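In: okay, sequence plus prediction incoming.
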Amino acid sequence: MAIHFEQVSFAYDDRSLWRHSALENVTLHVARGAFAAIAGASGSGKSTLMQLFNGLLKPTAGKVRVLDVTLQAGEKASGMRELRRRVGLVFQFPEQQLFEDTVEKDLCFGPLNFGCPAAEARERASRALALVGLDDSFLARNPFHLSGGQMRKVAIASVLAMEPDVIALDEPTATLDPQSRAELAGMLSRLHREQGKTLIVVTHRMEEMLPYAERWIVMNEGRIAFQGTPGELVREAVRLEAEGLKLPDSIHCWRAVSARFGLEAEEPCLTAEALAERLARLMPRTQPAVAGNAVMNKAGGVPENAAVPSVMPGNTAELPAVLPAVPGTESQRPVPAAAVLGLGPEAVKAKSVLEEKTVQAAAAGRPGTEQAVFAVRGAAREGGG
Ligand SMILES: Nc1ncnc2c1ncn2[C@@H]1O[C@H](COP(=O)(O)OP(=O)(O)OP(=O)(O)O)[C@@H](O)[C@H]1O
């Protein structure tokens, strides 16, 4: 186990008049090599939790075990320096911690500080930069002359240069533009897959990490509201929303689709690609190549005069080959998949992660067609998502 918390509580300014309890009775575990995500409302204790991972904060009650170091409330711990090297924390806006006049100096700072010889520190700097997808030409550049996304990557590389076993990042994609956010999320996933690092990402954009995180921890007012797999998260969705957690639309969309087609026991499809492939497999085997070319009205809803087929499990032949276009509307956006599938009122909850995405789903083994092309778009909900 990389991280194990046993009934951990933490209070800022403990034993003072200003005592503020941030964590209460938290028991959690993250396996070695896992990709975990921590979600929860602002102030729910996510950043505090993260700072307990490398002993930056110590529990005021309970026991924290990280790798082979135990931090017990009220006891002095040994091995803290090594723990800080092995568990790298990337704080919000890490680029604010860059301070040298070249990227190379910034990347070498940590390793040199931990006694690494200069030549090895430079090798590590180059390797860390490659891991975040930047080449050696960046080494000589001034970090303050880079784009926001590049600075963020360099700041993450400066933690990677320490070659930690566990990396915890607090809102790594905050304030980045959509393309840099997607790039960074993909880069973290690669780091986890190819380097076998234990990765823990604090996020309030759950949808960004849903394709990657295999374990979720949800905080609510300093307590654990949920921990488990994405499938378990979907099953607990109603309770979590009742407790005030806003869940991403991809979860609503899968709940609606899985309830409609009796797929609740399956692993959830929480990305547009996975959902499109699953929908492709619902298609009848003899279906010709399909293009969902119906259009939406301006509000993004289902056109009133669009035929909404009734599709039941085992009765998928009723899916129309080509969805009807609606005259007199300007939009040429694809019709909402959820509504086309006859999901009715549930689909209203499913504004899309799938939005604006046309997905090619392989439909292997289907006579007569090599690919079913789905123009997939979830039903729009004003202000949702
Ligand atoms: N240095 C501090 N001193 C006193 N209280 C603090 C301190 N840092 C955080 N807190 C309080 O502890 C609680 C948990 O804060 P924390 O920053 O861990 O939440 P969070 O879930 O990470 O929030 P956010 O998503 O806004 O970053 C909050 O009530 C916060 O006000």
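Out: That came through, no problem.
In: sec struct for the nearest residue to residue 97 once chain neighbours are set aside, please.
Out: What sits nearest to residue 97 in space, not counting adjacent residues and going by C-beta to C-beta, 6 or more residues apart in numbering, is residue 155, at 6.3 Å. In short, each C-beta sits where N, CA and C put it, glycine included. Classification of residue 155 by DSSP: H, G, I helix; E, B strand; the rest coil places it in helix.
In: quick one: contacts for residue 155?
Out: 90, 94, 95, 97, 98 (C-beta atoms under 8 Å, 6 or more residues apart in numbering).
In: what's the spacing between it and residue 134?
Out: Between residue 155 and residue 134 the distance is 12 Å, computed by C-beta to C-beta, to the nearest Å.
In: quick check: which ranges of the stretch 251-385 of the chain have low pLDDT?
Out: Residue ranges of the stretch 251-385 of the chain with pLDDT under 70: 283-385.
In: one more pass at 80, please.
Out: For the stretch 251-385 of the chain, the stretches flagged by pLDDT under 80 are 272-273, 276, 280, 282-385.
In: show me which residues of this protein are close to the ligand?
Out: With C-beta under 6 Å from any ligand atom as the criterion, the chain meets the ligand at residues 12, 20, 22, 40, 42, 43, 44, 45, 46, 47, 48, 204.
In: the third one: which element?
Out: Think residue 22. strand 20-30 (DSSP states H and E).
In: picking up where we left off before, in strands, which of the residues of the chain next to the ligand fall?
Out: Among the residues of the chain next to the ligand, the residues falling in strands (DSSP state E) are 12, 20, 22, 40.
In: of the residues you listed, which is the most crowded?
Out: residue 40 (25 neighbours; other C-beta atoms under 10 Å).
In: now the spatially closest residue to that one that is not a sequence neighbour, which residues is it bridged with?
Out: Leaving out its chain neighbours, the residue that sits closest to residue 40 by C-beta to C-beta, 6+ apart is residue 219, at 3.3 Å. With DSSP bridges as the criterion, residue 219 is bridged to residue 40, residue 224.
In: about what we covered before: check the gap between the residue nearest to residue 97 and the ligand for me.
Out: With distances taken as C-beta to the nearest ligand atom, to the nearest Å, residue 155 is found 18 Å from the ligand.
In: in this structure, which helix has the most residues?
Out: Identified as the longest helix of the chain according to DSSP state H is helix 178-195.
In: list the buried residues in it.
Out: 180, 181, 183, 184, 185, 187, 188, 189, 191, 192 (16 or more other C-beta atoms under 10 Å).
In: what of stretch 11-27?
Out: Residues of stretch 11-27 classed as buried by neighbour count (16+ other C-beta under 10 Å): 11, 22, 23, 24, 26.
In: also stretch 125-135?
Out: For stretch 125-135, by 16+ other C-beta under 10 Å, it's 125, 126, 128, 129, 131, 132, 134.
In: so which of those residues is the closest to the ligand?
Out: Closest approach between the buried residues of stretch 125-135 and the ligand, by C-beta to the nearest ligand atom: residue 132, at 23.2 Å.
In: for the closest residue in space to that closest one that isn't next to it in sequence, list the residues it contacts.
Out: Among residues not flanking residue 132 along the chain, residue 153 sits closest, at 4.1 Å (C-beta to C-beta, 6+ apart). Residue 153 sits next to 132, 133, 134, 184, 187 when contact means C-beta under 8 Å, 6+ apart.
In: could you work out the most separated pair of the residues you listed?
Out: 134 and 184 (12.1 Å; C-beta to C-beta).
In: can you pull the pLDDT of residue 159?
Out: Residue 159 is assigned 92 on the pLDDT scale.
In: in three-state terms, label the closest residue to it other than its chain neighbours for me.
Out: Among residues not flanking residue 159 along the chain, residue 88 sits closest, at 3.9 Å (C-beta to C-beta, 6+ apart). Secondary structure, three-state DSSP: residue 88 is strand.
In: ok, residue 88 touching residue 168?
Out: Yes - with contact defined as C-beta atoms under 8 Å, residue 88 counts as touching residue 168 (7.3 Å).
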